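Peer 1: here is a sequence together with a model predicted from it:
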Amino acid sequence: MAKLQAHHVRLTTFIHATEDEDKVLEAIGTLIPEEVDEEDVIFDIAETSGYFGNPIKVVNVEIKRSKAVRAFLSELRELLSEGDRRYLLENLDEKVDEEGTLYIRFSKQKAYLGELEIDEGEDVIQVRIKVKAFPMRKEAVIKAVKEWLEE
């Protein structure tokens, strides 16, 4: 079983004035495995304004500890549907940047319902995974992610 290794995981989403904050936080919680201790998760909510002055909250979650990152990656792999894994495999070159970060966007609405579904729209939870690979080049990261997805 190929294990993907990562330095850290960051989750980001927005809470718009028309949304229920608790429901959005519940949606983002769908991505955090139960076995991850609260002290291993750094949670930050920043308030800002949208283009038309509407209030927006930016939710940033960071998982740094190795054990918590491993649990996150293991659960994420299990929750990805076959179709979503195939989609990622077909688009890996666009989903990995030169610094070795894998970007995946999930439907916020589906996450609230306890489901994970990749979504390229705007109402999403963005997941950024800083992958460990040697040598640290985009090609090595793509290879590691590909092995992890194909297992």
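Peer 2: Happy to help now that I have it.
Peer 1: and what about the residue positioned nearest the centre of the chain, helix, strand or coil?
Peer 2: With distances taken as Cα atoms, centre = their mean, residue 127 lies nearest the centre of the chain, 2.1 Å away. Of the three states, residue 127 takes strand under DSSP: H, G, I helix; E, B strand; the rest coil.
Peer 1: beta-bridge partners for it, please?
Peer 2: When bridges are called by DSSP bridges, residue 127 pairs up with residue 11, residue 104.
Peer 1: look up how far residue 95 lies from it.
Peer 2: 10 Å (Cβ to Cβ, to the nearest Å). For every residue, glycine as well, the C-beta is placed using N, CA and C.
Peer 1: I'd like the average pLDDT over stretch 80-88.
Peer 2: Averaging pLDDT along stretch 80-88 yields 96.
Peer 1: stretch 39-54 now?
Peer 2: pLDDT averaged over stretch 39-54 gives 91.
Peer 1: tell me the contacts of the closest residue to residue 99 other than its chain neighbours?
Peer 2: Spatial nearest neighbour of residue 99, chain neighbours left out: residue 130 (7.7 Å); criterion: Cβ to Cβ, 6 or more residues apart in numbering. Applying Cβ atoms under 8 Å, 6 or more residues apart in numbering to residue 130 gives the contacts 6-10, 99-101.
Peer 1: now do residue 100
Peer 2: By Cβ under 8 Å, 6+ apart, residue 100 lies in contact with 130-133, 136-138, 140-141.
Peer 1: isn't residue 40 up against residue 65?
Peer 2: Yes - the pair residue 40 / residue 65 is scored as a contact, 4.5 Å apart, by Cβ atoms under 8 Å.
Peer 1: higher neighbour count, those two?
Peer 2: Applying other Cβ atoms under 10 Å to residue 40 and residue 65 shows that residue 40 carries more neighbours, namely 18 against 14.
Peer 1: for the more buried one, which non-adjacent residue is spatially closest?
Peer 2: residue 68 (3.8 Å).
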